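Participant: Sequence unavailable; structure follows:
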């Protein structure tokens, strides 16, 4: 039996970062035996594709866009620019909801995406929360009507996602201490090697 789908949901893998500490593009890092997919990008896109359609990839400003790929509309404004571009694509595609997942967060499971889905707010956003209390906007579910707030923040040069969140109905989905590894991200070669060697 297949996985249930989220009606009206699209997905985007945020892969527009500079990967300075990693020293190579995170999206192209081999995942292989660790995840069943050849790269982190393929792995995260495959997860989203289980519940959302279509699934896009957010690329850096100036990158050539193509089928399934969206380039940031603003240079050097971080993941918020990628979210804005994906929300614009969502609107053009007639979708209602956007699942956002960073390419360097390889442990986020389907169960957390469903928690976000059930917590979502019309016109707003649902996002994960680390056990210590920090919000994680790179694991989130956005309504298409959230786009104006995102665009206003970027127009004022604000790259912090919290600036847009302050203007939106927001639902917080806590991640328990025992689940804290779900929100781990890979910033350095050491992080990636440790992830690849960890038990599945």
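Facilitator: Nice, I can see it. Worth saying up front: this structure is predicted, and the values here are computed from it rather than measured. Numbers count the residues shown, from 1 in each chain.
Participant: longest single strand anywhere in the protein?
Facilitator: For the chain, the strand with the greatest residue count under DSSP state E is strand 135-143.
Participant: Show me what counts as buried in that one.
Facilitator: Of all the residues in strand 135-143, those buried under the rule 16 or more other Cβ atoms under 10 Å are 135-143. The C-beta positions use only the backbone N, C-alpha and C, and glycine is treated the same way.
Participant: Identify the residues contacting it?
Facilitator: 9, 14, 79, 83, 87, 96-102, 105, 108, 112-113, 116-117, 119-130, 161-162, 165, 172, 175, 183, 185 (Cβ atoms under 8 Å, 6 or more residues apart in numbering).
Participant: same thing with stretch 148-160?
Facilitator: 73-74, 76-78, 80-81, 83-84, 87, 163-164, 167-168.
Participant: rerun that using 6 Å as the cut-off
Facilitator: Applying Cβ atoms under 6 Å, 6 or more residues apart in numbering, the external contacts of stretch 148-160 come out as 74, 77-78, 80, 83-84, 163-164, 167-168.
Participant: so which of those would you say is closest to residue 26?
Facilitator: For the contacts of stretch 148-160, the residue nearest residue 26 by Cβ to Cβ is residue 78; the value is 14.4 Å.
Participant: What does the pLDDT read for that closest one?
Facilitator: The pLDDT attached to residue 78 in the predicted structure is 82.
Participant: Quick check: the gap between the residue lying closest to it once chain neighbours are set aside and residue 48.
Facilitator: In space, not counting the residues next to it along the chain, residue 78 is nearest to residue 159; the distance is 4.4 Å by Cβ to Cβ, 6 or more residues apart in numbering. Taking Cβ to Cβ, to the nearest Å as the measure, residue 159 and residue 48 are separated by 24 Å.
Participant: out of those two, which sits in the more crowded spot?
Facilitator: The residue with more neighbours, out of residue 159 and residue 48 and counting by other Cβ atoms under 10 Å, is residue 48; that gives 24 against 14.
Participant: Go ahead and list the helix or strand containing the more buried one.
Facilitator: helix 40-49 (DSSP states H and E).
Participant: Mind checking which of the contacts of strand 135-143 are buried?
Facilitator: The neighbour count (16+ other Cβ under 10 Å) marks 9, 14, 79, 83, 87, 96-102, 105, 108, 112-113, 116-117, 119-120, 124-128, 130, 161, 165, 175, 183, 185 as buried among those.
Participant: By neighbour count, which bits of stretch 69-78 are buried? Give me those.
Facilitator: Under the neighbour-count rule (16+ other Cβ under 10 Å), stretch 69-78 has 70-72, 74, 77-78 buried.
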